[in-house]
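[1] Sequence and predicted model, in that order:
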Amino acid sequence: HAILFVNGFACKDPKTAVVEDFYFSGLHMAGNASNKQGSAVTAVNVAHIAGLNTLGISLARVDYARYGQNPPHIHPRASEILTVVEGSLYVGFVTSNLENKLFSKVLNQGDVFVFPQGLIHFQCNCGTKKAIAIAALSSKNPGVITIANAVFASKPSIKDDIIAKAFQVDKKIVDHIQAQF
């Protein structure tokens, strides 16, 4: 018989389901935040737990080095609710055009913040020691688009004059930023 796919993921026959289809181990281990951004995201979504297919939920652990950040990004298919487990984070999101209003707050251990679906948001470790957060998302496969990567590291590159005009800067500045990726 044919395999049924829902949103690109195979639906398993319930008669063949096993406990491993509903289980993931690994969130107890810190991600490697030794990178330019100083953060690591350990995602737990339908790619890791087959049993999440059609349930509309996923989660992630985010580890932040001292002064590390999860840079401005969006989730095109999910809202996010983030809980600080350890340390403190400066977090925020920006509403859409035309207002572009920033909603931001410093969170401490146990604090929770919501990022609405599709809005640019970020987290930054404002403390002098590591920070850890757990994020729950309203999609089995929320997707992520990191703004700087999308604009400055696209393949092929967006033309310099387009980016320069959008950011109101000289093309040399665009070239310098693109060279960082």
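    Here it is on my side, so go on.
[2] ok, Ile57 - contacts?
    Contacts for Ile57 were tallied using Cβ atoms under 8 Å, 6 or more residues apart in numbering; they are Ala136, Leu137, Ser138, Ser139, Lys140. Where C-beta positions appear, they are placed from N, C-alpha and C, glycine not excepted.
[3] Over to Val84?
    Residues near Val84 by Cβ under 8 Å, 6+ apart: Leu107, Asn108, Gln109, Gly110, Asp111, Val112, Ala131, Ile132, Ala133.
[4] so the fourth one sits right up against Leu82, yeah?
    Read it as Gly110. No - contact criterion Cβ atoms under 8 Å: Gly110 and Leu82 do not qualify, at 11.8 Å.
[5] Poorly predicted segments of the protein, please.
    Scanning the chain for pLDDT under 70 picks out 1-4, 6-7.
[6] circling back: ok, Gly110 and Leu82, which is more surrounded?
    Neighbour count, other Cβ atoms under 10 Å: between Gly110 and Leu82, Leu82 has more, with 23 against 9.
[7] ok, then the element right after the helix or strand hosting Ala60?
    Element membership for Ala60, per DSSP states H and E: strand 58-64. Proceeding N to C from strand 58-64, the next assigned helix or strand is strand 69-74, under DSSP H and E.
[8] Which neighbours in the sheet does that next one have, and how are they oriented?
    Partner strands and pairing direction for strand 69-74 (DSSP bridges) are strand 120-125 (antiparallel), strand 145-146 (antiparallel).
[9] Comparing the ones you listed, which stretch has the densest surroundings?
    strand 120-125 (a mean of 22; mean count of other Cβ atoms under 10 Å).
[10] re the thing from before, buried ones only from the contacts of Val84, please, as a PyMOL command.
    Command for PyMOL that selects the buried part of these, burial taken from 16 or more other Cβ atoms under 10 Å:
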select buried, resi 107+131+132+133
